[in-house]
Every structure is written in C-alpha cells, then in structure tokens.
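Chemist: the following block contains a protein sequence and its predicted model.
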Amino acid sequence: MTGLIYKDFLALKGHLTTYLVFFLVYGGLCLSGVFTASVLCGMVVLMSLITPMTTVTSDDVSRWNRFAIATPACRRGVVTGKYLFTLLVTLASTVFVSLLLAVLALAGGLEESLSELLLSALACAGIALIMNAVALPLLLKFGAEKARMVSMALFLLVFAGFALLGLAADRGLTLPAPPAWVLTALPGLLAILAVGGFALSYCIAQAIYARKEF
C-alpha cells in the first residue's frame, strides 16, 4: 500500500516545480492586489483535482494497472492507494495554502481576515473531497482521458460560482441572508457531506474496479 502511494508521488516529481511556481505566482499577484487572497483558497480544489488525474494518466500511459492488480495489493489495494493519495494531496494543499496566507498576512497583503481565509481554505478542502468523490470513480472506470472533461467541468462550475458571487458582492448586490441555523450548521453539514461522500465514493470505486477488465 505504501509503495502504491509512493509511486503516485514519484509520478508527480516532474510537476512539483510547476505547482510550486503556480502557487508563488498567484501569491505574488494577491500581494500586488491583482487578485484577492481568496483565489488561493480555490487552488486547494484545483490541486486536489489535477494531481489524481495526473497520476491516473501516468498509469494509463505505462499500463501500470495491468501489473498492479497482480501484486499482493491487488485491485482493492490500487483503489485504496489512490484514495489515500488524494487525501494526502488535499491535506498538503490545504496546509501549503494556509502557510502562504499566513505569509501574506505578515507582509500586510491581505484585505480579508486571516481567520476567515483559513476557514475558507478548510471549506475548499471539503469541496475538493466532494468533487473527488465524483471524479475518482470516473477516473478508475474510464481512465484519465475520458474522465478529464467531466472533472474539469466540475471544477469550472464551482470556480465560476465563487467568481460570480464575488463579482456580485463587489457590485453591491445584496443576496438574501440565510437563516441563522443554516449558517451555524453549515460547517458541520459540509464536513459530513465531504467525509460521507468520499467514503461512499470509495465503496463505489471498489465495486467498479473489481469488475473492470484490462
């Protein structure tokens, strides 16, 4: 199991510099005032979707899965490894964005409250798990090429929704305030949906992969 997860991180080795530059460029743009720091929170979702897709693409090109299912880890281990890898990437992205936000706060480059942005980063981590709960079974069933469009459409839909809400707020559009109990329960509901959806997705992916032909 550890070997399967390590293999996925090795597949990302050539992309790590690109991801780091990507984060630093957006951090610089936020510091200069081109973007608000909330954009960095959305990077948690982006990285959490792109990295599993990249590893699945690598597996498809090398036909790795044909050999992996013959190892002691077998089919069940391949799916478990992919889900654990996705959890680790989501956690790492959230921690890195949180550290970057803290650096921006120390540099005086934040217009928003740091605590609010950190909560937004956690919320984006939950959204990332929900979106991966949809994307991972598709990736394991159809491969990266066929599932890529669906996964990117999910990200663009969420990203566009946040962008429209931000644009509406900037233009002074007042949205109806939700009831107080909804706001109070929202973090817990998001956590339950993220964890429950990811666990359900794992079970579905196991069933799909058990019947997949290579």
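Modeler: Yep, it's here.
Chemist: and residue 69, what pLDDT?
Modeler: Looking at residue 69, its pLDDT reads 68.
Chemist: residue nearest the middle of this structure, spatially speaking?
Modeler: Using CA atoms, centre = their mean, the residue of the chain that lies closest to the mean C-alpha position is residue 48, 2.5 Å off.
Chemist: so which strand or helix has that one?
Modeler: Per DSSP states H and E, residue 48 falls inside helix 38-62.
Chemist: following that helix, which helix or strand comes up?
Modeler: With elements assigned by DSSP H and E, the helix or strand that comes after helix 38-62 is helix 64-68.
Chemist: pretty sure residue 52 is touching residue 84, no?
Modeler: No: using CB atoms under 8 Å, residue 52 makes no contact with residue 84, being 10.9 Å away. Just so you know, the C-beta spots here come from the backbone N, C-alpha and C atoms, and that holds for glycine as well.
Chemist: quick one on the thing from earlier: apart from its neighbours in sequence, what residue is nearest the residue nearest to the centre of the chain?
Modeler: Once flanking residues are discounted, residue 48 sits nearest to residue 128: 3.7 Å by CB to CB, 6 or more residues apart in numbering.
Chemist: report the contact partners of the closest residue to residue 204 other than its chain neighbours.
Modeler: In space, residue 204 comes closest to residue 137 once its chain neighbours are excluded; the distance is 5.1 Å by CB to CB, 6+ apart. Applying CB atoms under 8 Å, 6 or more residues apart in numbering, we find residue 137 in contact with 201, 204, 205, 208.
Chemist: between the residues you listed, which sits nearest residue 133?
Modeler: Ranked by distance to residue 133 (CB to CB), the contacts of residue 137 are led by residue 201 at 3.6 Å.
Chemist: picking up where we left off before, my read: the residue nearest to residue 48 touches residue 42, true?
Modeler: No: with contact defined as CB under 8 Å, residue 128 does not count as touching residue 42 (9.8 Å).
Chemist: of those two, which one has the most company?
Modeler: Between residue 128 and residue 42, residue 128 has the larger neighbour count (other CB atoms under 10 Å), namely 28 against 22.
Chemist: any idea how far that one lies from residue 75?
Modeler: According to CB to CB, to the nearest Å, residue 128 stands 25 Å off from residue 75.
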